[in-house]
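> Here is a sequence with its predicted model. Questions after.
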Amino acid sequence: MDYDDFQKAVDCLGILTRLDQKGLRKNYLQLSKKYHPDTLEGSDEKFKEINEAYNLLKTYIENYKFSFEKEEFLGQYPSFTNYKNWNR
């Protein structure tokens with residue numbers, strides 16, 4: 001998976017903010033119901049695109065690993081750099 005595929009999947013499912021597995025599944029079910037080939041708005045191509053996007057993002061969420069490296073942590077949470085001053 002490269003970043004372009006990831007971004008395309010995010011755009012396909014209409015994700016605008018952070019999303020957990022439950023929210024991802026909710027978006028997927030709404031879109032798959034709307035674009036199912038048996039409905040009036042349905043399209044085989046769009047339905048396949050939604051399924052592929054969901055599977056890609058679901059796999060990403062399930063396999064995401066947090067890094068516990070100090071530099072990365074401090075980069076993500078710069079407010080923790082002054083933790084020694086908390087007790088004052």
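That came through, no problem.

> Give me the buried stretch members for stretch 51-65, please.
53, 54, 56, 57 (16 or more other Cβ atoms under 10 Å). For glycine as for every other residue, the C-beta is placed from the backbone atoms N, C-alpha and C.

> Which pair in these has the greatest spatial separation?
Spatial extent of the buried residues of stretch 51-65 (Cβ to Cβ) is set by the pair 54 and 56 at 7.3 Å.

> hmm, back to that, out of the buried residues of stretch 51-65, which one sits closest to residue 32?
Of all the buried residues of stretch 51-65, residue 32 sits closest to residue 54, with 7.7 Å by Cβ to Cβ.

> Just the CA trace of the helix or strand in which that closest one is found, in PDB.
Here residue 54 is covered by helix 44-63, with elements defined by DSSP states H and E. Output of helix 44-63 as PDB, limited to C-alpha atoms (Å, rounded to 0.1, in the frame of the first residue of the first chain):
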ATOM      1  CA  ASP A  44     -21.000  -2.000  -9.800                       C
ATOM      2  CA  GLU A  45     -17.900   0.100 -10.200                       C
ATOM      3  CA  LYS A  46     -18.600   2.400  -7.300                       C
ATOM      4  CA  PHE A  47     -19.600  -0.500  -5.100                       C
ATOM      5  CA  LYS A  48     -16.300  -2.300  -5.800                       C
ATOM      6  CA  GLU A  49     -14.400   0.900  -5.100                       C
ATOM      7  CA  ILE A  50     -16.100   1.300  -1.700                       C
ATOM      8  CA  ASN A  51     -15.400  -2.300  -0.800                       C
ATOM      9  CA  GLU A  52     -11.700  -2.000  -1.800                       C
ATOM     10  CA  ALA A  53     -11.400   1.200   0.100                       C
ATOM     11  CA  TYR A  54     -13.000  -0.300   3.200                       C
ATOM     12  CA  ASN A  55     -10.800  -3.400   3.200                       C
ATOM     13  CA  LEU A  56      -7.600  -1.200   2.700                       C
ATOM     14  CA  LEU A  57      -8.500   1.100   5.600                       C
ATOM     15  CA  LYS A  58      -9.700  -1.700   7.900                       C
ATOM     16  CA  THR A  59      -6.400  -3.500   7.300                       C
ATOM     17  CA  TYR A  60      -4.500  -0.300   8.000                       C
ATOM     18  CA  ILE A  61      -6.300   0.300  11.300                       C
ATOM     19  CA  GLU A  62      -5.900  -3.400  12.400                       C
ATOM     20  CA  ASN A  63      -2.200  -3.400  11.700                       C
END
